[in-house]
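> next one to model:
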Amino acid sequence: MGIDRFRFDAKRVLVVGGATGMGAAAAALAQELGADVVVMDQAPVTLAGATAIKIDLRDRASIDAAIDASDSPYDVVLSCAGAADGTSGIEKINFIGHRHLLERLVADGRLRRGSAIGMISSTAGLGWEAELPQLCQYLDTSDFDAAAAWIDTHPGTATYRWSKQAMNAYVARQAFPLLKRGIRINAILPGPTDTPLARAHADQWLGFGRDYRADAGVAAATPDDQAYPLLYLCSDAASYINGVTLVVDAGFVSSGLTRSYPNASPAAGFLLGRIGDLVLGPQG
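Numbers count the residues shown, from 1 in each chain. Sure, this is the predicted structure:
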């Protein structure tokens, strides 16, 4: 009971994509909270005391080799790796590779009962409910190769937005079957966050919602701002939170939906897709 339920003492935490950005912040925070941290990434891992394992989420064999090289089981898995539109294999980096890794860990019994999965999605994945029939077709694919083949035959789905919508649907869909195994799954949906990836696309990613933040008197989120809720969702303190996709954007989308900040309404409508059209109407 008490404050100890927020900590990760004696727990093993795997951070996929933990070399930079939000993943690096989450890995450092998990370690500070007492965890033994393993980081899988293509980039060099600089976190002192963490075990580093190379992985390429675009390559099924690389994922399997990384799992085989790791000393599991794990108490927490954080799926943090991501890429922007225009990156070769984005559909694998952002979702298919993560799904394969998680499902391999579960099938092999490498996630203990009482363990938790935390994924980093994006507000770009909002509105996934309106796409659920097609998303379910995608999620019904049996494995890594079948999912990649599905993307190849469905134009317009090898995108950042679709991969994040798939992640959101996956979190919701897996809540019950994983819970039967004693495993929880949740995701955070960050708004604009000042990471190396965002700075490489600053006009689009960090420019989004700039007027809202300026008028509210807040800056774009830092990686630490996203790491705290991600780790909370995977802590024992959040033991009854499951299947949740938590928006972490300083209230931008909510303010657009309710029109308490009208300038955000068009952006909120875009993010929510067809659901936004229904909620906001023509003005959205």
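> can you check which strand is longest in this structure?
Selection of the longest strand in the chain by residue count, based on DSSP state E, yields strand 111-120.
> what about the helix or strand immediately after it in the chain, average pLDDT?
Heading C-terminal from strand 111-120, the first helix or strand you meet, by DSSP states H and E, is helix 132-139. What helix 132-139 shows for mean pLDDT is 98.
> buried residues of the following helix or strand past helix 132-139, list them for me.
Using DSSP H and E, the helix or strand that follows helix 132-139 in sequence is helix 144-152. Buried residues in helix 144-152, counted by 16 or more other CB atoms under 10 Å: 144, 147-148, 150-151. For the C-beta atoms, the positions are set from N, CA and C on the backbone; glycine is no exception.
> CA atoms only: put helix 144-152 into CSV for me.
What follows is helix 144-152, C-alpha atoms only, in CSV (Å, rounded to 0.1, in the frame of the first residue of the first chain):
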residue,chain,number,x,y,z
PHE,A,144,4.3,-10.3,-38.7
ASP,A,145,4.4,-11.3,-42.3
ALA,A,146,0.6,-11.4,-42.7
ALA,A,147,0.3,-8.0,-41.3
ALA,A,148,2.9,-6.6,-43.6
ALA,A,149,1.2,-8.2,-46.6
TRP,A,150,-2.1,-6.7,-45.5
ILE,A,151,-0.6,-3.2,-45.5
ASP,A,152,0.8,-3.9,-49.0
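> give me the helices and strands touching it, please.
helix 60-69, helix 90-91, helix 97-107, helix 132-139 (3 or more CB pairs under 8 Å, 6 or more residues apart in numbering; DSSP states H and E).
> deepest of those helices, which one?
Compared across these, helix 90-91 shows the largest average neighbour count, a mean of 22 (mean count of other CB atoms under 10 Å).
> dump the residue contacts of the one residue sitting closest to the centre of the chain.
Centroid check for the chain by CA atoms, centre = their mean gives Ile120 as the closest residue, at 1.6 Å. Taking CB atoms under 8 Å, 6 or more residues apart in numbering, we find Ile120 in contact with 17, 22-23, 78-80, 82, 187-188, 190, 226, 230.
> just the ones in strands from those, please.
Counted as lying in strands by DSSP E, out of the contacts of Ile120, are 78-79, 187-188, 190.
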